[in-house]
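Asks: Quick one, structure for this:
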Amino acid sequence: MYILKNAFQNLYRNAGRNLLTAGIFLLVITMSCVALVIYNDADAIAKQYRERLSTEVLLNVDERKVSEAWEKDETFRKPELTDELIQKMAASKYLKKTMYSTQMEAVADNLKYTTPTDYQDMEIQRAGEDPAKTRIPQYTLSGYEDVSQAEPFRNGQAKLAEGGTFPAADNECLVSDTLAELNGLKPGDTFPAKSIYYTDKQGDPLEEMTLKVSGIYHRKYSEGETDSDNEIFTRYKLLIDPRYTYEPTFNTDFYLKNPRDLHAFAQEAYAAGLSEYYSLSTDTVAYDAFVRPIEQMCVISMIFLWVVLVLGAAILLILSSLLVRERKYEIGVLRAMGMKKSKVAAQLVLESALTMAVCLILGIALGSLLAQPVTDMLLADQMSRALSGPTLAGGMGGTSFGGLATDNRPVTHISAALSLTAISELTAIAFILTAAAGAVSAACAMKYEPMRILRHRN
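Replies: Have a look, this model is predicted:
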């Protein structure tokens, strides 16, 4: 009890010196509170965006290598992406999702079109193949594993009319409102369609497919964009069925969990059999616009926290040793009166703890008040840097960054709220600082002998 009572009295008697220590404590706790609040809240939002956002892998043909190979051998054809290879690549742990798509030029003689229809035949010759007799295409069949994820629907350019549904069965499709009105089509109606090729690569006749309308879509076009009302959306599997297609053309969109995993994913892809004539890259514009500014905020706040803690701790330790030197006569008297070294040390630690307890409460209060304006200022600066690069293109209901469509919007506000996690972290910081300052004070006090202190005083 005496130690506690004496500790309170010493705080009052040595008010000037203790206020200096308290000021350092308060500054460290307040700045730490601001940094921790920003880091915790920004990190939580960054995690949310990482879960919703993924980075598209761009699979490109290396035209230089293809050209060099063709010059050596005019019959050369670049290796095609097989369904087996795509399935292997899609199984990568680095991917968040994989979207399959394909396209087929087709004819449907029973339908009317907004543009004049030519029913004549023509010849198409692919590299390394004999000429093939085909029809002039009347419309484009676009197949997706999930039609709702087709780019026009993702970015809001196309919308499904009321009463319709996205294709669930392989033979279901969506037609444009223009095509539906011209032909009197409605959900549930069917019509025959066929590839522009008469036979497959082996010379076997291709079959006619029957498409069932599951819904009608309306599409808005920006100025200068070509009207594609003859585009029909259906399921991916229908267009890779060998009974209906000359040769399936795969379009697969891979989305990484993190753009930093591109190299690892590329190594997996080449090991799985991807040809050297393909190269992998990422469109990081969307990731940089949404996640990178928040990640930078986390980095800045963490660096600031460590700077504050290191400098604050260093100043406190030096100050504690200096204050003990000034109080060595008091320590000598207490020791001469019979107080044990351990009790003297305990009193010094207790004084630091009482000072820190008051500063912890005040620091949390001040830090929570300063956190929001500092967060707003830091976020505004980071977002201005991010959006000064590739700019967002206007969309209807979504945003497009560098060709990557997303329903998300850049973060414009982060609520800097003090959480129980931040309070517990600040308490731990206060405990460590108190223990360090008390340990230095106690160590300095222990080395003084009472009789020598009193003799030097006289």
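
Asks: so where's the stretch 51-200 of the chain shaky on pLDDT?
Replies: Applying pLDDT under 70 to the stretch 51-200 of the chain flags the ranges 51-54, 116-119, 125-130.

Asks: Which parts of it are strands?
Replies: With strands called from DSSP state E, counting those that start in this stretch, the stretch 51-200 of the chain shows them at 55-61, 95-107, 121-124, 132-135, 139-144, 158-160, 172-176, 190-195.

Asks: quick one, which of those is packed in tightest?
Replies: The highest average neighbour count among the strands of the stretch 51-200 of the chain, using mean count of other C-beta atoms under 10 Å, belongs to strand 172-176 at a mean of 26. The C-beta positions use only the backbone N, C-alpha and C, and glycine is treated the same way.

Asks: outside of that strand, which residues touch it?
Replies: For strand 172-176, contacts defined as C-beta atoms under 8 Å, 6 or more residues apart in numbering pick out 141, 147, 160, 164, 166-167, 185, 211-219, 228-235.

Asks: which residues of the stretch 251-400 of the chain score low on pLDDT?
Replies: For the stretch 251-400 of the chain, the stretches with pLDDT under 70 are 283-289, 324, 326-339, 341-342, 344-345, 386-400.

Asks: again, 80 this time
Replies: Within the stretch 251-400 of the chain, the stretches with pLDDT under 80 are 251-252, 258-260, 282-292, 320-352, 382-400.

Asks: what about the helices in it?
Replies: 262-272, 285-290, 292-326, 328-336, 341-386 (DSSP state H, counting those that start in this stretch).

Asks: export these to JSON lines and tack on distance to T98 and mean neighbour count?
Replies: Shown next, in JSON lines, are those (distance: least, C-beta to C-beta, whole Å; neighbours: other C-beta atoms under 10 Å):
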{"stretch": "helix 262-272", "distance to T98": "11", "mean neighbour count": "16"}
{"stretch": "helix 285-290", "distance to T98": "17", "mean neighbour count": "23"}
{"stretch": "helix 292-326", "distance to T98": "24", "mean neighbour count": "17"}
{"stretch": "helix 328-336", "distance to T98": "72", "mean neighbour count": "18"}
{"stretch": "helix 341-386", "distance to T98": "27", "mean neighbour count": "18"}
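
Asks: coming back round to it: filter the contacts of strand 172-176 down to the buried ones, ChimeraX style.
Replies: Typed into ChimeraX, the line below selects the buried ones among the contacts of strand 172-176, using 16 or more other C-beta atoms under 10 Å:
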select :141,147,160,164,166,167,185,211,212,213,214,215,216,217,219,229,230,231,232,233,234,235
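
Asks: okay, now D83: neighbour count?
Replies: A count of nearby residues for D83, using other C-beta atoms under 10 Å, gives 12.

Asks: isn't it right next to P242, touching?
Replies: No. Taking contacts as C-beta atoms under 8 Å, D83 lies outside contact range of P242: 11.0 Å.

Asks: D170 against R243, yeah?
Replies: No. Using C-beta under 8 Å, D170 is not in contact with R243; the gap is 11.8 Å.

Asks: contacting residues for the residue lying closest to S148 once chain neighbours are set aside?
Replies: Closest residue to S148 apart from its sequence neighbours, by C-beta to C-beta, 6 or more residues apart in numbering: F166 at 4.8 Å. Residues in contact with F166 (C-beta under 8 Å, 6+ apart) are 146-148, 160, 174, 214-215.

Asks: Please convert those residues to a markdown table, extending it with distance to S424.
Replies: What follows is these, written out as a markdown table (distance: C-beta to C-beta, whole Å):
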| residue | distance to S424 |
| --- | --- |
| D146 | 43 |
| V147 | 48 |
| S148 | 43 |
| L160 | 49 |
| L174 | 53 |
| S214 | 54 |
| G215 | 53 |
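
Asks: Closest to L280 out of those residues?
Replies: Lowest distance from L280 to these (C-beta to C-beta) belongs to D146, with 23.2 Å.

Asks: who's in contact with the closest one?
Replies: Contacts were defined as C-beta under 8 Å, 6+ apart; by that measure D146 touches 99, 166.

Asks: got it, and V57?
Replies: 253-256, 262, 265, 280-282.

Asks: same thing with K186?
Replies: 180, 213, 216.

Asks: quick one, what contacts the second one?
Replies: Just to be clear, that refers to V213. Applying C-beta under 8 Å, 6+ apart, we find V213 in contact with 172-175, 180, 185-191.

Asks: Out of the contacts of F166, which is nearest to P373?
Replies: So of those, ranked by how close each gets to P373 (C-beta to C-beta), first place is S148, at 41.6 Å.
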